[in-house]
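Next input, structure requested:
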Amino acid sequence: MRAALCLALMATSALADVYMHNMRGSNDRLNEANTNRNNGNRLFDSQNNDKGGYCYTLGTPPMSYYEGSLLPLEWTAQHGCGNPKMECNMVLQYMCGNQIESDPTIQIRDGTTTQTIPDNVNNFNQKDAATGMFTFGMHESYAYYQNCKTRQRNMGLFIADRNKNQNQLTTNKQSAIFTRQNNNGNRNGFECPEERDYYPYWHPSPWKDIAVLANDVKQCSYYQAESQNVKSRNQCVDSTGKPTAPNNKNACVAAGNTWSEVSSWGIPAPECVQAPWSRDNHLGNALGTGEQASYNWTLPTASQEPCIANNECTCVLRLRYNISTGDIDGWGYNDFYQNGVGNSPVTQDPNVQVMGKNLTLAMDTTQFGRTFQDRSHTFSIRPRPSDIHSYDRIYNLNVRGKRGNIVQTYPATEYDFVPTQLTTRQNDYIHFQWTGCDNNPANNAGEGTAGTDRSNIVQITDPSKNFPAGDDWYGSNTPLFEASDLRTRMAHLDQVNCLTYDQLIAKNGAGNTNAIKQDPQNCMKLNAASPYFDGGLVKMNKTGTFYYMSSRNNNFSNRGQKATITVEAILPTWAIVLVSVGSAAFVVSGVVGGMTFYAKSHPHTPVGSSINNLLSKLRV
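A predicted model of the protein is given here:
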């Protein structure tokens, strides 16, 4: 356990928010139309700014991805990562549950209210009478949080000087809901604070590991070996199987209980790679790519998540951003980890001597070593169509960002496609799918009906162009979407009950241009479309480089929403030449081999004699 607790120090520091952009991070936001979220305790403790997070329109279908498809995850982190100014790790995890599950007490849901789910067995699971939907959002289960409250916290963890008074960590605060970062035992949904703050956690968790992006890849073997994906966990249970307080085997057995093993998830260890470099004090792009920090996730299949087979999976994604300081050696083990005030190398706002005079350092010891996180809204993972084989590659193409100018959207982003540059091979599939929200702040800048997110795809002839390709252009060029009805769907988003421009003028008045733009039947602005659009799987049959944009959001001087898809041949030209030459050589060698064999077996025949003469000349 000592090694595990040391990892926590590689997981935390000051004011370094993290925000997911694909998948769309909620930051505890639901459907509120405010600049700031209503409740930062709704589902989890993000430690982020209240302004962050993408809203979700209740009743809109969740994003739904095909099993085994490739999904680019993107985020920004304020304090950076992969640079020498701090220690840092990114931990990506997911959790899935059966949405048809007979036990509703463990069903993952977004909820219909921004209130925190009550810690009360009688009403945490109530449903909205009008919609039949669960009232309160929930990721971790009620039982999981009760176990956390019961279990003794790890008293060997580094707590800095947080035990110096009754308002901080003391030996009276025994439960795992109390940590150095959560001194007061605040509740955020049914999240377990100790599990949230430390990785890998030493007790059973509902989360499955996707990847660790490490500051120091020498630690990767440890992360992978200790992951619950591959290593079982234990907990102390009484004679009825109910979890009890002791957090280690000796104390558990001494109390007359059983140190019970919980099996690993039985899935591969998480990938562990170098964390991408990004600068601090900046929610910007990563070094090298010019894009947001990212990780390409291959989604699980039904062999890993059985609920996928019947399209019954509801899931949630979690990103934890763990940063700390070089002032603490998180991999060492010294007395100061257990003893706070006297031995801690850091104290609250210390005075230090510089050139014979005091300076006060800005050090909050609850944040010197700190974990931030963001989570997605719920999504589903569905089985592949019967005609799409398990070995066929499926790429996901989505939209990030929300309505508003660069200041209004911050710390989110303006609209763009994800990925902005996608390279596939011929016969691969792309799943075109995106979602948005109808509850953005009403005054945020944008096109169409106020507060709404909408995106579409129209092909352009060059990335510098801002007019869609004309119908005549398709006659002599290769289109991104071969079928004209598919081009229509991608551009117009299945809108119905549309009015012509003349009808909009008649309805709103010729001089009322704003009302015309906002009119819900103005399909030219995509106002009649749903915030969610599933364009389906599209097979990339033609090679080439294709440019496209959103006609609604690409308004040049304000913001751009353009992207590129490059479809390469299954084999590049040089490989085709090499295979052709090799094939020809193989045929020639076969012919020569056959001639040689015949000549040796029939040396005195006219044909055999002629072949021998030819071969002797070739040898000369």
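
My read is that residue 206 contacts residue 140, right?
Yes: the pair residue 206 / residue 140 is scored as a contact, 6.0 Å apart, by CB atoms under 8 Å. To be clear about C-beta, it is placed using only N, CA and C from the backbone, and glycine gets the same treatment.

List the buried residues for stretch 260-280?
265, 267, 269-272, 275-276, 278-280 (16 or more other CB atoms under 10 Å).

what's the pLDDT at the residue lying closest to residue 568 once chain neighbours are set aside?
Spatially, and ignoring its direct neighbours in sequence, residue 568 is nearest to residue 425 (5.3 Å; CB to CB, 6 or more residues apart in numbering). For residue 425, the model assigns a pLDDT of 97.

Begin at 885, not 1, for the rest of this chat.
Fine by me, first position is 885 from now on; the one you just mentioned is residue 1309.

residues touching residue 1309, list them.
1277, 1424, 1451-1454 (CB atoms under 8 Å, 6 or more residues apart in numbering).

Quick check on it: phi, psi?
phi -110, psi 160 (degrees, to the nearest 10).

Okay, and the residue nearest the centre of the chain sits in which element?
Centroid-nearest residue in the chain, with CA atoms, centre = their mean: residue 957, separated by 4.1 Å. Residue 957 is located in strand 954-961, with elements delineated by DSSP states H and E.

Contacts made by that strand with the rest, please.
900-907, 909, 949, 974, 976, 1162, 1167-1168, 1175-1183, 1201, 1203, 1205, 1256, 1258, 1277-1280, 1282, 1284, 1295, 1297, 1302-1303.

ditto for stretch 1114-1127
1030-1031, 1034-1035, 1086-1089, 1108-1109, 1128-1131, 1133, 1135-1136, 1139, 1141-1149, 1151-1153.

what ranges do the helices span in the stretch 1085-1234 of the chain?
1104-1110, 1133-1138 (DSSP state H, counting those that start in this stretch).

Could you export the ones you listed as TSV, including distance to residue 966 and mean neighbour count?
Shown next, in TSV, are the helices of the stretch 1085-1234 of the chain (distance: least, CB to CB, whole Å; neighbours: other CB atoms under 10 Å):
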stretch	distance to residue 966	mean neighbour count
helix 1104-1110	14	17
helix 1133-1138	38	14
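
Any chance of those helices in CSV with mean pLDDT and distance to residue 1071 as columns?
Listed next are these as CSV, based on pLDDT from 0 to 100; distance: least, CB to CB, whole Å:
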stretch, mean pLDDT, distance to residue 1071
helix 1104-1110, 96, 27
helix 1133-1138, 96, 25
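
Residue 1191: which of those is closest?
With CB to CB as the criterion, residue 1191 lies closest to helix 1104-1110 of these, at 25.6 Å.

what helices or strands is that closest one leaning on?
Contact analysis of helix 1104-1110 by 3 or more CB pairs under 8 Å, 6 or more residues apart in numbering; DSSP states H and E lists helix 886-893, strand 1092-1098, strand 1155-1158 as its packing neighbours.

Mean pLDDT lowest where, among those?
Looking at these, the bottom one is helix 886-893 with a mean of 39.

Could you list the paired strands of the helix or strand following that one along with their orientation?
Per DSSP H and E, the first helix or strand lying C-terminal to helix 886-893 is strand 902-906. Applying DSSP bridges, strand 902-906 is found paired with strand 954-961 (antiparallel).

circling back: can you tell me how far the residue nearest to residue 1452 is from residue 1267?
23 Å (CB to CB, to the nearest Å).

same deal with residue 966?
Residue 966 is 37 Å from residue 1267, by CB to CB.

Between these two, which has more neighbouring residues?
residue 966 (20 against 16; other CB atoms under 10 Å).

you'd agree that one is up against residue 1157?
No: between residue 966 and residue 1157 there is no contact under CB under 8 Å: 10.6 Å.

Please enumerate the shared neighbours of those two.
Counting by CB under 8 Å, 6+ apart, nothing touches both residue 966 and residue 1157.

With the flanking residues excluded, which residue is spatially nearest to residue 1198?
Excluding the flanking residues, the one nearest residue 1198 by CB to CB, 6+ apart is residue 983, at 4.1 Å.

Contacts only, for the one you found.
Here residue 983 is in contact with 991-992, 1191, 1196-1198, 1264 (CB under 8 Å, 6+ apart).

Please report which of the residues you listed has the highest neighbour count.
residue 1197 (27 neighbours).

ok, residue 1405 touching residue 1382?
Yes: contact between residue 1405 and residue 1382 holds when scored by CB under 8 Å: they sit 6.0 Å apart.

Determine the residues that are contacts of both of the two.
With CB under 8 Å, 6+ apart, residue 1405 and residue 1382 have common neighbours residue 1412.

before we move on, the earlier item: need the contacts of residue 983 in CSV with pLDDT and distance to residue 1233, can you?
Listed next are those as CSV, based on pLDDT from 0 to 100; distance: CB to CB, whole Å:
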residue, pLDDT, distance to residue 1233
991, 94, 45
992, 96, 41
1191, 95, 50
1196, 95, 52
1197, 95, 48
1198, 96, 45
1264, 97, 47
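
just checking, which of these belong to strands?
Judged by DSSP state E, the subset of the contacts of residue 983 located in strands is 1197-1198, 1264.

Looking at those, spot the one nearest residue 931.
residue 1198 (25.5 Å).

got the contact list for the residue nearest to residue 1104 when sequence neighbours are not counted?
Leaving aside its sequence neighbours, residue 1104 sits nearest to residue 1156 (CB to CB, 6+ apart; 3.5 Å). Residue 1156 is in contact with 1095-1098, 1101, 1103-1105, 1107-1108, counting by CB under 8 Å, 6+ apart.
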